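> sequence first, then the predicted structure, then my questions.
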Amino acid sequence: MTFFIDAKPYPYALPENKPCLIVIDMQRDFIEPGGFGDALGNKVELLTAIVPTVKKLLDGFRRLDLPIVHTRECHKPDLSDCPASKLQRGKAALKIGDKGPMGRILIDGDPGNEILDELKPLPGELEITKPGKGSFYATPLDEFLKEEQITHLIFAGVTTEVCVQTTMREANDRGYECLLVEDATESYFPEFKRAALEMIVAQGGIVGWTSTCDKTLAGLEQAYGKR
Ligand code: C5J
């Protein structure tokens, strides 16, 4: 029997093998004052609103023993994995590698780069560091998913139109069936979030599906709660 998540543009069929939750970049650098997002002039408080929903989604996946991957956008302390184009672009008050109130901006191992306390990965959950916006570029993500025979990915995190959408497009091109949980993702620009959600489901789901946290958990509970 096939179970579905009530989704746009049409119901998302759940696989026999377990889908994986990918939580993108819920790190202090993007969400707390004093981080990279703030240095770029963004209203970081817009992003804090989704933290309880992301937590609810994580709790649901954990309860059902479904796989979870967390990502962090960051660079090595010597910046050898940060292209000059990324380093120089924009008019940030603080650039990548500069010292800010939470340590060096977007540097692996510094306090600002950590995932928010309430969303921290638990033992057994994979945490991936990534130098780009997409989670497949220069990371072991594809290898891990293939090893686990995972075909379906459910996305949450920030920001909708940058790292989340880039990752979803990378995943879509690699043949994964992707669903974005619309109330567990956020942007500094509400109009960009709206547009990204519309783009994903346009043309019969050209990038994938969207749904809410409650509908996603209801579908997962039906499919995997009884097995
Ligand atoms: C950005 C991200 N916005 N995680 N990163 O630079 O979306």
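In hand now; what should we look at?

> drop to CA atoms for contacts and neighbour counts, all remaining ones
OK.

> longest strand in this structure, please.
In the chain, with assignment by DSSP state E, the single longest strand is strand 177-186.

> show me what the helix or strand just after it packs onto, helices and strands only.
Proceeding N to C from strand 177-186, the next assigned helix or strand is helix 190-205, under DSSP states H and E. Based on contacts counted as 3 or more C-alpha pairs under 8 Å, 6 or more residues apart in numbering; DSSP states H and E, the elements that helix 190-205 packs against are strand 209-211.

> determine the set of other helices and strands touching the next helix or strand after the strand it packs on.
Proceeding N to C from strand 209-211, the next assigned helix or strand is helix 213-224, under DSSP H and E. Helices and strands touching helix 213-224, by 3+ C-alpha pairs under 8 Å, 6+ apart, are strand 4-5, helix 51-63, strand 177-186.

> closest one to the ligand among the ones you listed?
Among these, the nearest to the ligand by C-alpha to the nearest ligand atom is strand 177-186 (9.3 Å).

> what helices or strands is that closest one leaning on?
Using 3+ C-alpha pairs under 8 Å, 6+ apart: strand 177-186 touches helix 51-63, strand 152-158, helix 165-173, strand 209-211, helix 213-224.

> go through those and name the closest to residue 142.
helix 165-173 (8.5 Å; C-alpha to C-alpha).

> average pLDDT for the closest one?
Per-residue pLDDT over helix 165-173 has a mean of 98.

> just the buried positions in that helix, please.
Neighbour counts using 16 or more other C-alpha atoms under 10 Å place 165, 166, 167, 168, 169, 170, 171, 172 of helix 165-173 among the buried residues.
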